[in-house]
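Peer 1: Generate a structure from the sequence data that follows.
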Amino acid sequence: NATAMRLLSFVFAILFILAQISPARSGLIREKYCEKEKGRCLMNCLLHEDNIGSCRSGLVLFCCKKIDKPSKK
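Peer 2: Below is the predicted model of the structure:
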């Protein structure tokens with residue numbers, strides 16, 4: 001009976017760990033979107049860049065894109 005309880009808690013621990021790993025796939029999709037929009041993933045956007053989204057769900061990485069300067073006439 002005690003062995004079954006240990007096994008059950010071990011299975012729950014493994015499921016918990018797997019649940020923490022699975023959101024990483026959405027981060028890859030966000031990084032691809034950032035690359036497609038000609039942005040880059042940084043911890044903080046620079047002054048001449050706009051934040052256009054995030055690159056990862058767990059970490060605080062922002063997708064930053066350079067601000068287009070209006071043409072001078």
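Peer 1: what residues are up against Leu47?
Peer 2: Residues near Leu47 by CB atoms under 8 Å, 6 or more residues apart in numbering: none. (Each C-beta comes from the backbone N, C-alpha and C, glycine too.)
Peer 1: for the chain, what spans make up the strands?
Peer 2: When assigned using DSSP state E, the strands of the chain occupy the ranges 40-42, 49-54, 62-66.
Peer 1: can you tell which of the ones you listed is closest to Leu15?
Peer 2: Among these, the nearest to Leu15 by CB to CB is strand 49-54 (26.4 Å).
Peer 1: From the chain's centroid, how far away is the closest one?
Peer 2: 13 Å (CA atoms, centre = their mean, to the nearest Å).
Peer 1: buried sites along that strand?
Peer 2: Within strand 49-54, the residues scored as buried using 16 or more other CB atoms under 10 Å are Glu49, Ser54.
Peer 1: what does it contact?
Peer 2: The contact list for strand 49-54, computed with CB under 8 Å, 6+ apart, reads 30, 33-34, 37, 39, 42, 45, 60-67.
Peer 1: List the strands paired with that strand, with their directions.
Peer 2: Here strand 49-54 is paired, per DSSP bridges, with strand 62-66 (antiparallel).
Peer 1: contact partners of the strand it pairs with?
Peer 2: Outside strand 62-66, the residues that reach it (CB under 8 Å, 6+ apart) are 30, 33-34, 37-46, 48-55.
Peer 1: Just the buried ones among those, please.
Peer 2: Taking 16+ other CB under 10 Å as the criterion, what is buried in these is Arg30, Cys34, Gly39, Arg40, Cys41, Cys45, Glu49, Ser54, Cys55.
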